[in-house]
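Chemist: model this:
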Amino acid sequence: MRLPKLKLKTQLTIINAFSKVLIIILAIFVIPGLVKNISIRETDKQLYNKLDQLYSIIEDEGIEQFVGTEEDAQEYGSYNILKEEFISIESSTDTILFETINNVIRIIEDVEYDYRVVSASLQYGEEFYLVEIGKSISIILNFENKLKSFATYFLLILLSLSILLDLGLTQILLRPFGQIIQKLKSTKHPTSFEYKKTSSSTSDFIYLEESIHDLMRKIEDAFNNEREFIGNISHELLTPISIIRSKLDNFISNTELNDEDIKRIYESRSSLLRLTKMVRSLLLMSRIENKEYLIQDNVDLYKSITKVYKEIIDKAEIKGLSIKSDLAHKSKIIKGNEELIHLLFFNLLNNAIKYTREGCISINSYLSEGKTVIEITDTGIGISEEDLPYIFDRHKKFQKNRNSFGLGLAIVKKICDYHSITIDVNSKISKGTTVKLSI
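Modeler: Residues are numbered from 1 along each chain as shown. Alright, predicted model coming up:
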């Protein structure tokens, strides 16, 4: 299973939460046994302390006050009113001194009680006695349950505070990183990058930001150099091309040539026209990339595409094609550049006509998930599945013997990106192509 891509802050939160869950699971298995051992050890310690206290009393005051004289019964027993504790002293024939502690069942008034009992043999004078001090198991269990509750609540409070502390510290520590990422996201153009340093005490983030700043400066320099180069070379090329075209036109007009020479001159002139178109297209893309076009017009997309449709319909009719327009709404206004939007629709409809031999071209629009969608569909030759990912690349030429430099769709993509319009192309060989614009 492929894991989703998550932000660093989210990943750290998940890791912290997972570690806390592991601690809780571990505590569930460890705390009961740990609490039980603590409660038993504490009970045993209390019983031995009472035994030592009893030894001190017997040593100071004698054992007679417990077991009486020889004429009296040689035993003593005392239970508290709730049968929670007892002390027992009785004569013993066992002359071996010992101290043991065990769980014992005692029957008191025909009722069984479970006790934790410390047993010890005691020599007083020439007599031996068996001393027993017991504490009810129910009291021990009650103490154990209280201890478990306290440990559980304490652990939950500690974990809650730990989670809150982790979240707070994570937010504080990763805030500079988030600001760096946000700065990159908000940068739409190399020249608009903000070089203001982010306040951070983390050396890794400082190094990361400095590296990004260095890279952005290099990108900005390269971008400016490319812009200047394309602009200069375009103007330098257009001037001699224009001169050569004028000379060819004059040469045709003022010189007597045979048909073969005229044909060659017209072929050269066509090549110059294609070269002019290519240079202007490159210059246009350069201007778009450098944001030289202002986004300040209230452009009606439906009016713009209708205008292009009326301009280009003659070209379709010459090829015997029909164009159907079915726009769902009367208008769709966006903030943009009217010249570029017109060029966008012109290139798309021109391509549809160019690569469609027979059939029709349809233009329709609809709403989908809150977005306006404009579709241009043709019944043309189509694009193969392996070529689809590369149709917006510059100078990509898929069809042989075509006078195309592959800049038309590259310009379309630049205009769409410039206006935050999503463009998708679906196509099948010999079935046609559908271009979908989502605004």
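
Chemist: where does the spatially closest residue to S430 that is not a sequence neighbour land on pLDDT?
Modeler: The shortest distance from S430 to any non-neighbouring residue, by CB to CB, 6 or more residues apart in numbering, is to G382 (5.7 Å). For every residue, glycine as well, the C-beta is placed using N, CA and C. For G382, the pLDDT comes out at 87.

Chemist: surely G382 meets T433?
Modeler: Yes. Using CB atoms under 8 Å, G382 is in contact with T433, at 5.7 Å.

Chemist: who's more crowded, the two?
Modeler: More neighbours surround T433 than the other of G382 and T433, with 24 against 19 (other CB atoms under 10 Å).

Chemist: OK, contacts around the more buried one?
Modeler: Contacts for T433 (CB atoms under 8 Å, 6 or more residues apart in numbering) come out as A352, Y355, T377, D378, G380, G382, I383, V425, N426, S427.

Chemist: the third one in helix, strand or coil?
Modeler: Of the three states, T377 takes strand under DSSP: H, G, I helix; E, B strand; the rest coil.

Chemist: which strand residues bridge it?
Modeler: Taking DSSP bridges as the rule, T377 bridges to S362, T434.

Chemist: give me the neighbour count for it.
Modeler: A count of neighbours around T377, defined by other CB under 10 Å, yields 18.

Chemist: run a quick neighbour tally on S438.
Modeler: Neighbourhood size, S438 [other CB under 10 Å]: 16.

Chemist: one more: R280?
Modeler: Using other CB under 10 Å, the number of residues around R280 comes to 14.

Chemist: before we move on, what about L215?
Modeler: Applying other CB under 10 Å, we find 11 residues neighbouring L215.

Chemist: what about the longest strand in this structure?
Modeler: The longest strand of the chain (DSSP state E) is strand 111-124.

Chemist: please name the strands paired to that one in the sheet, noting orientation.
Modeler: Here strand 111-124 is paired, per DSSP bridges, with strand 99-108 (antiparallel), strand 127-136 (antiparallel).

Chemist: so where's the stretch 151-300 of the chain shaky on pLDDT?
Modeler: Low-confidence regions of the stretch 151-300 of the chain, defined here as pLDDT under 70, do not occur.

Chemist: the strands in it, which residues?
Modeler: With strands called from DSSP state E, counting those that start in this stretch, the stretch 151-300 of the chain shows them at 297-300.

Chemist: among the contacts of T433, which ones are buried?
Modeler: Among these, those classed as buried by 16 or more other CB atoms under 10 Å are A352, Y355, T377, D378, G380, G382, I383, V425, S427.

Chemist: what's the closest non-adjacent residue to the first one?
Modeler: In this case it means A352. Of all residues not flanking A352 in the chain, D378 sits nearest, at 4.0 Å (CB to CB, 6+ apart).

Chemist: distance between the ends of stretch 392-410?
Modeler: 5 Å (CA to CA, to the nearest Å).

Chemist: widest-spaced pair of the buried ones among the contacts of T433?
Modeler: Of all pairs drawn from those, the one with the longest distance (CB to CB) is T377 and I383, at 13.3 Å.

Chemist: rewinding a little: which one of the buried ones among the contacts of T433 is nearest L12?
Modeler: The closest of those, once distances to L12 are taken by CB to CB, is V425, at 40.1 Å.

Chemist: tell me the phi and psi of that closest one?
Modeler: When read as degrees, to the nearest 10, the backbone of V425 gives phi -130, psi 130.

Chemist: let's see the pLDDT reported for it.
Modeler: You'll see V425 listed with a pLDDT of 91.

Chemist: relative to L147, how far out is it?
Modeler: For V425, the distance to L147 (CB to CB, to the nearest Å) stands at 70 Å.

Chemist: quick one on the thing from earlier: would you turn the strands paired with strand 111-124 into CSV with mean pLDDT, distance to I24 and mean neighbour count?
Modeler: Listed next are these as CSV, based on pLDDT from 0 to 100; distance: least, CB to CB, whole Å; neighbours: other CB atoms under 10 Å:
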stretch, mean pLDDT, distance to I24, mean neighbour count
strand 99-108, 84, 32, 12
strand 127-136, 87, 32, 20
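
Chemist: as JSON lines, those with distance to I212 would be great.
Modeler: Output for the strands paired with strand 111-124, formatted as JSON lines (distance: least, CB to CB, whole Å):
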{"stretch": "strand 99-108", "distance to I212": "70"}
{"stretch": "strand 127-136", "distance to I212": "70"}
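
Chemist: closest one to I262 among those strands?
Modeler: Among these, the nearest to I262 by CB to CB is strand 99-108 (121.4 Å).

Chemist: what does that closest one rub up against?
Modeler: Residues outside strand 99-108 that contact it (CB under 8 Å, 6+ apart): 44, 47-48, 51, 79, 83, 86, 112-121, 134, 137.

Chemist: repeat for stretch 148-164
Modeler: With CB under 8 Å, 6+ apart, stretch 148-164 has contacts from N16, A17, K20, I23, I24, A27, I31, P32, L34, V35.

Chemist: and with 7 Å instead?
Modeler: Stretch 148-164 is contacted by residues N16, K20, I23, I24, A27, I31, P32, V35 when judged by CB atoms under 7 Å, 6 or more residues apart in numbering.

Chemist: list buried residues within these.
Modeler: Neighbour counting with 16+ other CB under 10 Å marks N16, K20, A27, V35 as buried within those.

Chemist: which element is the second one on?
Modeler: In this assignment (DSSP states H and E), K20 forms part of helix 8-61.

Chemist: what helices and strands are in contact with the next helix or strand after that helix?
Modeler: Beyond helix 8-61 on the C-terminal side, the first helix or strand identified by DSSP H and E is helix 64-67. Using 3 or more CB pairs under 7 Å, 6 or more residues apart in numbering; DSSP states H and E as the contact test, the elements touching helix 64-67 are strand 75-79.
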